[in-house]
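A.B. asks: need a structure here:
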Amino acid sequence: MTITQASRPPAKLLAWYDRHRRILPWRAPPGKRTPPYLVWLSEIMLQQTTVATVGDYFHRFVKRWPTVEALAAAPLDEILSAWAGLGYYARARNLHSCARVVMERHGGQFPESEAELLALPGIGRYTAAAIQAIAFDRPASAVDGNVERVIARLHAIETPLPDAKAEIHARAAELVPSERAGDYAQALMDLGATVCTPRSPSCVICPLMEDCEARRRGIAEELPRRAPKPQKPTRRGLAFVLSRKDGAVLLRKRPPRGLLGGMDEIPSSDWREGDLAVAEALKQAPVPANWKVLDGSVRHTFTHFHLELAVAHAVAATAGLAKLAPGSAWCPIDQFEARALPTVMRKVIALAVAARS
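C.D. replies: Residues are numbered from 1 along each chain as shown. Here you go, the predicted structure:
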């Protein structure tokens, strides 16, 4: 059988996309291109985060900083505060750094070449390809988790991830059309998100059903296979919620680099594996006070470990106020929303408030 241009997978997928494309806040209407700034912003936000979660954040960011120039001029603390709750905070720091580099080295215009995009802070292979394809309609292969799944099933690639990545990327690149590359990239993403889903894929309505080798073999739902993940360790610590009589709470700034870099936090003891030695942890309190360890704890999961924090509370005495460490500051309760507080710290505050009410 002769394979015509119209019967090739990209053509089938584009025809499906024209009928079933998702309406997303950052997606341009049919026939239009999304500006590079919006493509970049949405793709950074979508890394390891769901579309449903990102929508409101995207709207707020674009309303507050409508251009890369505005974002580059914003204080990092304001960006971190607006980012709070999205997690993976290195993305926010890289967002700010990248905006500044685009202004300083590229006159406020995102470059089109892969090499120049990859040289920007926080932009990796996938994001560079997504910007090239969606913003500039260049034939670039943008392979995210959804696309990995579609390609692994289409070609019945049974090698477990991450070892399968090289083959998946090569297979995906072979299919990128020379025209409508941006629509094709978004069509693959939409197919993986809505039809070729991780569990119970809707093979009977898939535009690539006849081309899918995994469906033919009856193993679509088993792919892509993944190598077993090592078990995450659990670290434990003691968080110190120090409040004043007016309700303000002591916060401190984390170091600019590393986990939660540059964010505000409730002071805490070191986070260590093993059981929490409360007596030892109390020695790391920010000031001497009548600390009371509260019932319950806060649990949070980071990329490489679980965290369990017990919470201690105390009311500040006047004598202890002069002993606060540099970088510490009082924050009234009604200003918490404006601070760059990561989710785990908001959980700590919520537990302390609940215990006192």
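A.B. asks: mind listing residues that contact the helix or strand encompassing V39?
C.D. replies: Counting by DSSP states H and E, the element that carries V39 is helix 36-46. When contacts are defined by CB atoms under 8 Å, 6 or more residues apart in numbering, helix 36-46 is touched by residues 24-26, 54, 57-58, 61-62, 67-68, 86, 91, 94-95, 98, 109-110, 122-123, 126-127, 130-131, 134-136. For glycine as for every other residue, the C-beta is placed from the backbone atoms N, C-alpha and C.
A.B. asks: can you check stretch 20-30 too?
C.D. replies: Counting by CB under 8 Å, 6+ apart, stretch 20-30 makes contact with 18, 34, 38-39, 41-42, 51, 55, 58-59, 186-187, 190, 193-194, all of which sit outside it.
A.B. asks: mind doing that once more with 10 Å?
C.D. replies: Contacts of stretch 20-30 with the rest of the structure, by CB atoms under 10 Å, 6 or more residues apart in numbering, involve 17-18, 34-35, 37-43, 45-46, 51, 54-59, 62, 134-135, 182-183, 186-187, 189-191, 193-195, 205, 207.
A.B. asks: which positions within it qualify as buried?
C.D. replies: By neighbour count, with 16 or more other CB atoms under 10 Å as the criterion, the buried positions of stretch 20-30 are L24, W26, R27, A28.
A.B. asks: likewise stretch 227-246?
C.D. replies: Residues of stretch 227-246 classed as buried under the neighbour-count rule (16+ other CB under 10 Å) are R235, R236, G237, L238, A239, F240, V241, L242, S243.
A.B. asks: residue contacts, the fourth one?
C.D. replies: Residues touching L238, when contacts are defined by CB under 10 Å, 6+ apart, comprise 267-271, 276-278, 280-285, 291, 293, 297, 309-312.
A.B. asks: wait, is it part of a strand?
C.D. replies: Yes. Secondary structure of L238 (DSSP: H, G, I helix; E, B strand; the rest coil): part of a strand.
A.B. asks: please report how far it lies from F305.
C.D. replies: 17 Å (CB to CB, to the nearest Å).
A.B. asks: do the same with the fifth one
C.D. replies: Relative to F305, A239 is positioned 16 Å away (CB to CB).
A.B. asks: quick revisit: out of the contacts of stretch 20-30, which are inside strands?
C.D. replies: Among the contacts of stretch 20-30, the subset assigned to strands under DSSP state E is empty.
A.B. asks: please indicate which of those are buried?
C.D. replies: Applying a neighbour-count criterion of 16+ other CB under 10 Å, the buried members of these are 17, 34-35, 37-43, 45-46, 51, 54, 57-58, 62, 134-135, 182-183, 186-187, 189-191, 193, 195, 207.
A.B. asks: could you check the angle helix 36-46 makes with the helix ranked longest in the chain?
C.D. replies: For the chain, the helix reaching the highest residue count under DSSP state H is reported as helix 90-106. With axes from the mean of the first three to the mean of the last three CA atoms, to 10 degrees as the criterion, the two stretches helix 90-106 and helix 36-46 enclose an angle of 160 degrees.
A.B. asks: please save the CA atoms from the helix or strand that helix 90-106 is followed by in CSV.
C.D. replies: Counting by DSSP H and E, the next helix or strand C-terminal to helix 90-106 is helix 114-118. As requested, C-alpha coordinates have been extracted for helix 114-118 and formatted as CSV (Å, rounded to 0.1, in the frame of the first residue of the first chain):
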residue,chain,number,x,y,z
GLU,A,114,18.2,26.3,19.3
ALA,A,115,21.8,27.2,20.4
GLU,A,116,20.9,30.7,21.5
LEU,A,117,17.7,29.5,23.3
LEU,A,118,19.6,26.7,25.1
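A.B. asks: from the contact counts, what lies against the next helix or strand after helix 114-118?
C.D. replies: Scanning forward in sequence from helix 114-118 by DSSP H and E, the next helix or strand is helix 125-130. In this structure, helix 125-130 packs against helix 36-46, helix 114-118, helix 145-154, helix 165-175, helix 181-194, with contacts taken as 3 or more CB pairs under 10 Å, 6 or more residues apart in numbering; DSSP states H and E.
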